[in-house]
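[1] Quick one, structure for this:
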Amino acid sequence: MLELGDSQNLILMGTSMGSGPTCYLTATLTDMNLDYIGVILECPISSAIFTIFIQRIAENYPNIDNFLNYKYIANVDKPVFIIH
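    Modelled structure (predicted):
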């Protein structure tokens, strides 16, 4: 995807469970110093496991959750638009 065009024109968007891969991609682009305009998250989840279980249980099993949006989004230095 990044080879096809200029990443400076890229806006990332994710809805509900799709916010997981979107937040992960955002963190990856930030780590790779690739530019993008911003992020749109529609009805995002903070964590897939937190959505299903209570937080205390989820924290005891940190390796089973691949959608740690609350951690990935913390490092975003671009505008983030959240639609709930």
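
[2] Which residues outside the helix ranked longest in the chain are in contact with it?
    Counting by DSSP state H, the longest helix found in the chain is helix 19-31. Here helix 19-31 makes contact (C-beta atoms under 8 Å, 6 or more residues apart in numbering) with 7, 10, 12-14, 35-36, 39, 41-45, 48, 66-69, 72-73, 75-78. No exception for glycine: its C-beta is placed from N, CA and C like everyone else's.

[3] Show me what counts as buried in that helix.
    Ser19, Gly20, Thr22, Cys23, Tyr24, Leu25, Thr26, Ala27, Leu29, Thr30 (16 or more other C-beta atoms under 10 Å).

[4] Now that helix: average pLDDT?
    When pLDDT is averaged along helix 19-31, the result is 87.

[5] and that helix, how far from the chain's centre?
    5 Å (C-alpha atoms, centre = their mean, to the nearest Å).

[6] May I have that helix as PDB, with CA atoms only?
    Presented in PDB, the C-alpha positions along helix 19-31 are these (Å, rounded to 0.1, in the frame of the first residue of the first chain):
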ATOM      1  CA  SER A  19     -10.000  -0.100  15.100                       C
ATOM      2  CA  GLY A  20      -7.500  -2.800  16.400                       C
ATOM      3  CA  PRO A  21      -5.600  -3.200  13.100                       C
ATOM      4  CA  THR A  22      -5.900   0.500  12.400                       C
ATOM      5  CA  CYS A  23      -4.300   1.400  15.800                       C
ATOM      6  CA  TYR A  24      -1.600  -1.200  15.200                       C
ATOM      7  CA  LEU A  25      -0.800   0.200  11.700                       C
ATOM      8  CA  THR A  26      -0.700   3.700  13.100                       C
ATOM      9  CA  ALA A  27       1.900   2.600  15.700                       C
ATOM     10  CA  THR A  28       3.900   0.800  13.000                       C
ATOM     11  CA  LEU A  29       3.900   3.800  10.700                       C
ATOM     12  CA  THR A  30       5.000   6.000  13.600                       C
ATOM     13  CA  ASP A  31       7.800   3.600  14.500                       C
END
